[in-house]
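> I would like the atomic coordinates for the input below:
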Amino acid sequence: MPARQILLSALFVSSISIANAANLGPRPFALVDQMEDSPLKEKLLSCAKEFRTGKAPIKSLFSIGHRGAPLQFPEHSLEGYKAAARMGAGIIECDVTFTKDKELVCRHSQNDLATTTNILETDLAATCAKPFSPAGNGEKASAECMTSDILLSEFKHLTGKMDAANKNARTVEEFLNGTAKWRTDLYASQGGTLLSHKDTLALFKELGVKFTPELKTPAVSMPFDDMSQEDYAQKLVDEYIDAEIPPSDVWLQSFNLADIQYWIENEPDFGKQAVFLDGRARDGLNPDNPESFKPSMAELKEMGVNYIAPPIWMLLKTQGESIVPSAYAKAAKEADINIITWSLERSGSLNNGGGWYYQTVKKLIKKDSDMLKVLHVLAQDVGVKGVFSDWPATTSFYANCMGLE
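Okay, the predicted model is just below:
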């Protein structure tokens, strides 16, 4: 990207001038137009008319920018974060990992630089744990490059790209050219500006949004250069304390229950809103079998867990021709645990059941507009407090229409 040395503070000046304003764009309205006639469509059409004739949509905490706005912008980039805020996300996510000099940066994974940045085209390719290997002899093209192998200053010289890789590539150029057809490189062509976690604190304040950082599980063994897992979890909180950001504006996240427990015990003001990202389905949790919930919802509540965040499919099931809450969703509600879920607009076309995120209701998912029916059940029947989305305008539109703050 040209002028890579430009100060982030100068870039922040071009952010939203009216802190709580939102611009939804055409996508939410196109989805409503596609819906079959129903009371929900009538309500959404009424809202659409209001927005077209002068009512101004505002940011909503129900709408959470998942890694920014990665449907069309490089994830965890300045440009993607600004897009998410402009589309009404009231909370934005920075997935947190660390560099060689133990500085926190925004990446989905410690070892994803080969697919989310241009590192393979730079001199820093020499630092990659697994250099680029072309496809051939029955093997897929591959590379692995880690934030923990480069300094923060080096990280900031990289350029963000859409997260993708062409596994049939013979060259680095081909490897980097793998963006899914339902995403776009239109806004990534000039590259995304990479940020440290501290950078996002300043940016999100400027954008008028709140914070939900996810402490990513390290790809390296811990302790790392004498930094323990507990040190890592504490460092995340310390950056909010140093920036004088109130705990009520922060929803810390982790798939590691031990991280949640650490914050509850050692930083209770932040721990009360810590979000347990529930990935236990890969370990045998069945959302329709409460006996498989280990720990149970009641046990999680007893530990002090007040927020849980499973993927969308774990909260839903079908009942005839209707989508209804799963046993998992009901158990969380009974235990008085707040629910957040992920991720809308991350599945490409929903014409054939919607893929992984809709697996428990796939027989009722026929087209893209069905995500609005899913969103309605999540909000009204499950009672989720927020929804992560790769294109926050859709969730922001729904939240504004239904009066969700």
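> most centrally placed residue in the protein?
Taking CA atoms, centre = their mean, the centroid of the chain lies closest to H66, which sits 2.3 Å from it.
> how about the nearest residue to it, chain neighbours excluded?
Leaving aside its sequence neighbours, H66 sits nearest to F388 (CB to CB, 6 or more residues apart in numbering; 3.9 Å). Backbone N, C-alpha and C define where each C-beta goes, glycine included.
> is it correct that the residue nearest to the centre of the chain is in contact with I340?
No - applying CB atoms under 8 Å as the test, H66 and I340 come out as separate, 10.9 Å apart.
> what do the two both touch?
F388 (CB atoms under 8 Å, 6 or more residues apart in numbering).
> can you show me the CA trace of the helix or strand Q234 falls within as CSV?
Assessed by DSSP states H and E, Q234 sits inside helix 229-242. This file holds the C-alpha atoms of helix 229-242, laid out as CSV (Å, rounded to 0.1, in the frame of the first residue of the first chain):
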residue,chain,number,x,y,z
GLN,A,229,-1.2,-17.9,29.5
GLU,A,230,-2.3,-15.9,32.6
ASP,A,231,0.2,-13.1,31.7
TYR,A,232,-1.3,-13.1,28.2
ALA,A,233,-4.9,-12.9,29.6
GLN,A,234,-3.8,-10.1,32.0
LYS,A,235,-2.0,-8.1,29.4
LEU,A,236,-5.2,-7.9,27.4
VAL,A,237,-7.1,-6.4,30.3
ASP,A,238,-4.2,-4.1,31.2
GLU,A,239,-4.4,-2.4,27.8
TYR,A,240,-8.0,-1.4,28.6
ILE,A,241,-7.2,-0.2,32.0
ASP,A,242,-4.2,1.8,30.7
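> returning to that earlier point: what residues are up against the residue nearest to the centre of the chain?
H66 touches 93, 342-343, 346, 388-390, counting by CB under 8 Å, 6+ apart.
> in strands only, show me those residues.
Among the contacts of H66, the members falling in strands (DSSP state E) are 93, 342-343, 388-389.
> which one of those residues is nearest D288?
The closest of those to D288 turns out to be W342 (CB to CB; 19.7 Å).
> excluding sequence neighbours, find me the nearest residue to the closest one.
Distances taken as CB to CB, 6+ apart place F388 nearest to W342, at 3.8 Å, with adjacent residues excluded.
> for that neighbour, name its beta-bridge partners.
I64 (DSSP bridges).
> ok, it - contacts?
Listed by CB under 8 Å, 6+ apart, the contact set of F388 reads 64-66, 93, 309, 340-344.
> neighbour-wise, give me the winner out of these.
G65 (32 neighbours; other CB atoms under 10 Å).
> I'd say that one and K82 touch.
No - in terms of CB under 8 Å, G65 does not count as a neighbour of K82; the distance is 10.0 Å.
> where do the strands sit along the stretch 151-300 of the chain?
For the stretch 151-300 of the chain, strands defined by DSSP state E, counting those that start in this stretch occupy the ranges 159-160, 192-193, 210-215, 253-254, 275-277.
> for K100, which of these is the nearest?
Of all these, strand 210-215 comes closest under CB to CB, at 18.2 Å.
> circling back: so which of the ones in strands among the contacts of H66 would you say is closest to V237?
E93 (16.4 Å).
> all helices for the stretch 151-300 of the chain, in order.
152-155, 172-176, 197-207, 229-242, 257-266, 268-271, 297-303 (DSSP state H, counting those that start in this stretch).
> the fifth one - what's its average pLDDT?
When you say that, I think you mean helix 257-266. Mean pLDDT, computed over helix 257-266, is 98.
> report the buried residues of it.
257, 259-264 (16 or more other CB atoms under 10 Å).
> just give me the closest of those to Y240.
W263 (11.1 Å).
> residue contacts, the residue nearest to W251 when sequence neighbours are not counted?
Residue nearest to W251 in three dimensions, not counting chain neighbours: T212, with 4.2 Å by CB to CB, 6+ apart. Counting by CB under 8 Å, 6+ apart, T212 touches 64, 91-94, 250-253, 275.
> how far away is S38 from F29?
In this structure, S38 and F29 are 16 Å apart, going by CB to CB, to the nearest Å.
> tell me which element A143 falls in.
strand 142-144.
> what is that strand packed up against?
strand 130-133 (3 or more CB pairs under 8 Å, 6 or more residues apart in numbering; DSSP states H and E).
> S38 and F29: who's more crowded?
Shown here are S38 and F29; by other CB under 10 Å, F29 has more neighbours (19 against 11).
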